[in-house]
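Chemist: mind looking at a prediction? Sequence and model below.
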Amino acid sequence: MFRLWAKKWKDNRLVQDMTVENSDSDTRTHKVFHALDTACYAFDLEKPIWLDANAEEFKRHARTRFTQDNFIERIEFDFLEIQVIEED
């Protein structure tokens, strides 16, 4: 089972969160992108742009934060954080 936790933060407070589960036999990368798409749809957000810093942080810590720099549209929160909490 693969689980990803997506969280929206504003003023150091958790505003909204959800856990996305995936038991498919896809690669880890496909699972992460699918879970992020699912969370963005649920939060009514556009998909964030992965910058090099996000990719490196995710590789090292299995978590990353998407700030205003990662979105084209204006966001009403400080950042979106994703974190892998369980892997196969």
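Modeler: In hand now; what should we look at? Residues are numbered from 1 along each chain as shown.

Chemist: how about residue 81, secondary structure?
Modeler: strand (DSSP: H, G, I helix; E, B strand; the rest coil).

Chemist: mind listing the strands for this structure?
Modeler: With DSSP state E, the ranges of strands along the chain come out as 2-10, 13-22, 63-66, 79-86.

Chemist: could you dump these to JSON lines with mean pLDDT, mean neighbour count and distance to residue 44?
Modeler: Where C-beta positions appear, they are placed from N, C-alpha and C, glycine not excepted. What follows is the strands of the chain, written out as JSON lines (pLDDT from 0 to 100; neighbours: other CB atoms under 10 Å; distance: least, CB to CB, whole Å):
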{"stretch": "strand 2-10", "mean pLDDT": "97", "mean neighbour count": "19", "distance to residue 44": "11"}
{"stretch": "strand 13-22", "mean pLDDT": "96", "mean neighbour count": "14", "distance to residue 44": "10"}
{"stretch": "strand 63-66", "mean pLDDT": "97", "mean neighbour count": "20", "distance to residue 44": "15"}
{"stretch": "strand 79-86", "mean pLDDT": "96", "mean neighbour count": "17", "distance to residue 44": "12"}
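
Chemist: got those as CSV, with distance to residue 53 columns?
Modeler: Compiled in CSV, the strands of the chain are given as follows (distance: least, CB to CB, whole Å):
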stretch, distance to residue 53
strand 2-10, 18
strand 13-22, 23
strand 63-66, 8
strand 79-86, 13
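
Chemist: report the spatially nearest residue to residue 34, omitting neighbours in sequence.
Modeler: Using CB to CB, 6 or more residues apart in numbering and skipping the chain neighbours, the partner closest in space to residue 34 is residue 22 (6.3 Å).
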